[in-house]
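Trainee: Structure for this input, please:
(chains A, B, C and D)
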Number of protein chains: 2
Amino acid sequence: MNNVQEESPRDQKKNRRRLQILEIARGIIATKGLRSLKVRDVAEAAGCSVGSVYNEFGDFDGVILTVNRETVQALTARLRGVPADDPVRQLYGLAATYLEFFAEHANLLRSLFEHRMEDDRPYPDDILQMVMDAFALMHPPLVRLLPDADDVKIALLSRTLFSAVHGIISLGLEERMVAVPPQMLRQQVEQFVDTHLAGLGILPLS
Amino acid sequence: MNNVQEESPRDQKKNRRRLQILEIARGIIATKGLRSLKVRDVAEAAGCSVGSVYNEFGDFDGVILTVNRETVQALTARLRGVPADDPVRQLYGLAATYLEFFAEHANLLRSLFEHRMEDDRPYPDDILQMVMDAFALMHPPLVRLLPDADDVKIALLSRTLFSAVHGIISLGLEERMVAVPPQMLRQQVEQFVDTHLAGLGILPLS
DNA sequence: GCTTGAAAATGAACAATGTTCAAGAAGAAT
DNA sequence: ATTCTTCTTGAACATTGTTCATTTTCAAGC
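Mentor: Here you go, the predicted structure:
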């Protein structure tokens, strides 16, 4: 017997619209920033009522969180595409790819990291977990480079190093912080990783 | 002759209230987060009308920005208090002090770094400049440690290193990112600085 | 002290925006 | 065809930022 539930026409329509709402919301966040996202704008652009948005996502945070969820998924997919041939090159690649992705989708990343929930409701665990998992992608190459180190310590190191790169990039890409020209930034990140690896006793381009 | 303008009773009252509004706003941000800050709450707590808040600060962003301005001033004051005896110790001290300050005033720091203006109005330049200046506080000790390096490069390095520390701390203190226990964090930051200095060819505790 | 003019304070009204829900429409099940 | 369930709608409501005509305050001049 077939456990796969057939998708009724009703569900098809529902899903189509769900995707459409997300696409529109993502577009607005990406181009005009999270603060410019308005329920009515989304509903009108999607050709439905505001009620339908609520019906589909519970509340407006639900829309934002779904966009954020997809952002971290896309980020993870990109980071997983970094070649794992050479561990040093992989670390450089992860940093450079994060920079690329952040530069391409700055407002989406800011939505992911800066959005706060109403009241004191907790941020969804699955998203946090996905961010943590993304930041743990430096773990495997670090294990290869430091075979004698404690695994727990490498896990901490991975998050720390990725957080550091995140700080450099997220502040560096604030167009408002005029200081770091985006051209320099890539070079700056590269040198940062370089120096830190040297501090760990790892030779460049093994 | 005396250029100092006497402060009339009227101005005294105005100033007192201005300070009171700021204190209340800061308290709300610090304890319940920026998203919980409401004009009416502030006005009621300050015993005045909403109009007076607008009269004093132009718009609500004006209140937030003034609080943020004072936050970065307080941060800078704290960072300037780090002893400059030994340059390596000073770098550790700057990182550790930033961590302390961030831990004590997490919501205020988040307000400083995460607040976005309405529409596309630019963030006030003086605040950005003050943040930049704070992040440049690693410059003097780095100059002492790397006397042969190009000054522009040291300036970049200072911002990069401080941004990295900022990333580690701001993500590490997200209680939602369960991963890094706050106890570990100080140690983690310390080791990070340690490793990076080693990578720069600087010996610990010269 | 009274008058007067400027500055400030007020808070009701307005505007923008998130949220709810009773009524109706659409589709599935029998 | 009828009924039953589910989804959709959008007007009404709630919250919150913003404005502004009116009133109040108060310092200066007489």
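Trainee: Look up the pLDDT of residue A:120 for me, please.
Mentor: Listed pLDDT for residue A:120 reads 78.
Trainee: Number of residues surrounding it?
Mentor: Close neighbours of residue A:120, defined as other CB atoms under 10 Å in any protein chain shown, add up to 10. Yep, even glycine has a C-beta here, placed from its N, CA and C like the rest.
Trainee: Give me the neighbour count for the nearest residue to residue A:14 once chain neighbours are set aside.
Mentor: When the adjacent residues along the chain are set aside, residue A:14 lies closest to residue A:56, with 7.6 Å between them (CB to CB, 6 or more residues apart in numbering or on different chains). When neighbours are counted by other CB under 10 Å, residue A:56 registers 18.
Trainee: Surely residue A:56 touches residue A:21?
Mentor: Yes - between residue A:56 and residue A:21 there is a contact at 6.6 Å, judged by CB atoms under 8 Å.
Trainee: For chain A, which residue gets nearest to chain B?
Mentor: residue A:167 (1.9 Å; CB to the nearest CB).
Trainee: residues contacting that residue?
Mentor: B:163, B:164, B:165, B:166, B:167, B:168, B:170, B:171 (CB atoms under 8 Å, 6 or more residues apart in numbering or on different chains).
Trainee: Would you check which pair of those lies furthest apart?
Mentor: B:163 and B:171 (12.3 Å; CB to CB).
Trainee: rewinding a little: quick one: what helix or strand has the residue nearest to residue A:14 in it?
Mentor: helix A:50-57 (DSSP states H and E).
Trainee: That helix packs against which elements?
Mentor: Counting contacts by 3 or more CB pairs under 8 Å, 6 or more residues apart in numbering or on different chains; DSSP states H and E, helix A:50-57 packs against helix A:9-32, helix A:39-46, helix A:60-80.
Trainee: Next one: the last one, is it in contact with DNA strand D?
Mentor: No - using CB under 7 Å from any atom of the strand, no contact is recorded between helix A:60-80 and DNA strand D, whose separation bottoms out at 12.2 Å.
Trainee: tilt between that helix and helix A:50-57?
Mentor: 50 degrees (axes from the mean of the first three to the mean of the last three CA atoms, to 10 degrees).
Trainee: Report the mean per-residue pLDDT for the helix or strand encompassing residue A:90.
Mentor: Using DSSP H and E, residue A:90 sits in helix A:87-104. The average pLDDT within helix A:87-104 is 97.
Trainee: name the helices or strands packed onto it?
Mentor: helix A:60-80, helix A:139-145, helix A:151-172, helix A:182-199.
Trainee: can you pull the contacts of the most centrally placed residue in chain A?
Mentor: Closest residue to the average C-alpha location of chain A: residue A:72 at 3.3 Å, with CA atoms, centre = their mean. Residues near residue A:72 by CB under 8 Å, 6+ apart: A:112, A:127, A:130, A:131, A:134.
Trainee: mind redoing it with 6 Å?
Mentor: A:130, A:131 (CB atoms under 6 Å, 6 or more residues apart in numbering or on different chains).
Trainee: Equivalent analysis for residue A:111, please.
Mentor: Going by CB under 6 Å, 6+ apart, residue A:111 touches A:29, A:34, A:68.
Trainee: which of the residues in stretch A:94-107 are buried?
Mentor: A:94, A:95, A:96, A:97, A:98, A:99, A:101, A:102, A:105, A:106, A:107 (16 or more other CB atoms under 10 Å in any protein chain shown).
Trainee: so the second one sits right up against residue A:193, yeah?
Mentor: Yes - with contact defined as CB atoms under 6 Å, residue A:95 and residue A:193 form a contacting pair (5.2 Å).
Trainee: Next one: residue A:53 relative to residue B:159, how far apart?
Mentor: Noted for residue A:53: a distance of 42 Å to residue B:159, by CB to CB, to the nearest Å.
Trainee: Could you list the domains of chain A?
Mentor: Domain assignment of chain A by automatic domain parsing yields the ranges A:10-58, A:68-199.
Trainee: Fine, thanks again, bye for now.
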